[in-house]
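Colleague: Sequence first, predicted model second:
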Amino acid sequence: MDQIECMRAFVLAVELEGLSAAARRLQVPRAKVSKQIQALESRLGAQLLMRTTRKLHLTSLGADYFESARSVLDALDDAEQRLQEGAMSPRGLVRVNAPMSFGVRVLGPLLPKFHEQYPDIELQLVLADQLVDPVRDGLDVTIRVANLTDSSMAARMIMPAPRVLVASSAFLGRMGAISTPKDLESRPFLNYSYLQGGTTLQLRKDDITQRVVLSGPLCANNGDVLAQAAEAGVGVALLPEFIVREGIEAKRLVHILPDWQAPSISVNALFCSTRELPQRTRVFIDYLVRELDPDIGGRHRQ
C-alpha cells in the first residue's frame, strides 16, 4: 500500500480517536483503514496502536511516530496547497455547520454572492442548533453564537451579536410595563437552553450591575422559536439582535430595558488549530468577515 496513504490513515485515526471516524473522513471502508495501519506497522516493524473494543491507545513508539508522521503530512499538504494557490482559484469542498437561525437569516442570503466570487468552491452547509464536535464530524468551519470557552479550536470573530430583551405589546399591556431588571423576575421568561448561567441573568447599565433570577413556561434551543413565542405574548425573551430586528421594526416586538445590556456575545468561526487552513476555507471565513464585521464595513452594522 502507498506509505503516505497509510500514514494519513494512522494520523487521522489517532486525531479522531477511532478507525470508523477516520474512515468517514477519508470516505473509505473501515476495513481499509485497519489494513493501512497494519501495513504501516509491518513496514516499520513496530506496533503503533493498542486496539480495544472501544478505543485506540498509542504505544510509546506510536506516540513518537505520530508526531513525525503528522509533521510530514502537514509539510506535504502545505506544499500542495501553495502550488495550487499559485496555479488556480480556490476550489474544493468546505463543510460548514451553523445554528439554524443564523444560517437562515444571515448566512443564507450571503451564499449566492460567495458562489459568484468563488464558483469552484463547493459548500456543504449543515444547519443544526445542537452543539457539535467539529473534528469528529469532519467539519471545516463551525459557526457559533456564544462566548467561546473551548481553547482546543482556533477561532475568528465574524461579527458582534448583541442580545436584546423583547416582548410583545400585548404581553406588556397584560402583565404591566417593565422599567427595571427586577421587574423581569415577576414575568414569564422564555429561556434559551444553551444560555450559559441557566436562568440567572446579569444586566449592566453604565457602572451598575444587577443580577436577576428568571423562570418561565418555555425552554428551547432555537432563537426563532423563542422569538415567535415572544411575539405571541407568551413571555420575555433575550435574543441576538439579528433574530429580532425584523420583529422590532415591524412592531411585533418591543425592545424593553434598552439601557441595560446583557453580557456580550459574538458570532465566531471555529476551525482546527493543528493545521494551516486550506485556501478554500480561509477565503470563506474572510468573505464572512468582510460582509458582516461592522468594523470593516460589513453590512450588519450594530
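Modeller: Thanks, I have the structure now.

Colleague: quick one: the strands in the stretch 51-200 of the chain?
Modeller: 56-58, 92-98, 121-127, 141-146, 153-160, 163-167, 189-192, 200-205 (DSSP state E, counting those that start in this stretch).

Colleague: you'd agree residue 12 is up against residue 28?
Modeller: No. Using Cβ atoms under 8 Å, residue 12 is not in contact with residue 28; the gap is 10.6 Å. Where C-beta positions appear, they are placed from N, C-alpha and C, glycine not excepted.

Colleague: all helices in the stretch 201-302 of the chain, in order from the N-terminus.
Modeller: 223-231, 241-249, 279-292 (DSSP state H, counting those that start in this stretch).

Colleague: most tightly surrounded among those?
Modeller: Most buried of the helices of the stretch 201-302 of the chain, by mean neighbour count (mean count of other Cβ atoms under 10 Å): helix 223-231, with a mean of 21.

Colleague: what's it in contact with?
Modeller: Residues from elsewhere that reach helix 223-231, judged by Cβ atoms under 8 Å, 6 or more residues apart in numbering: 99-101, 104-105, 166-168, 171, 190-192, 218, 220, 235-237, 239-240, 243-244, 247, 252-253.

Colleague: The residue nearest to residue 100 when sequence neighbours are not counted bridge partners, please.
Modeller: Excluding the flanking residues, the one nearest residue 100 by Cβ to Cβ, 6 or more residues apart in numbering is residue 127, at 4.8 Å. Listed beta-bridge partners, residue 127: residue 98 (assigned using DSSP bridges).

Colleague: Give me the more crowded residue out of residue 12 and residue 28.
Modeller: Neighbours per residue (other Cβ atoms under 10 Å) separate residue 12 from residue 28, with residue 12 holding more: 22 against 14.

Colleague: How about that one, nearest residue that isn't a chain neighbour?
Modeller: Per Cβ to Cβ, 6+ apart, closest to residue 12 is residue 22, 3.9 Å.

Colleague: Could you do residue 105 as well?
Modeller: Nearest to residue 105 is residue 242, by Cβ to Cβ, 6+ apart, at 6.0 Å.

Colleague: show me what contacts the one you found?
Modeller: With Cβ under 8 Å, 6+ apart, residue 242 has these contacts: 101, 102, 105, 106, 161, 300.

Colleague: Next: residue 129.
Modeller: So residue 129 contacts 99, 100, 101, 194, 221, 222 (Cβ under 8 Å, 6+ apart).

Colleague: make it 6 Å
Modeller: 99, 100, 221, 222 (Cβ atoms under 6 Å, 6 or more residues apart in numbering).
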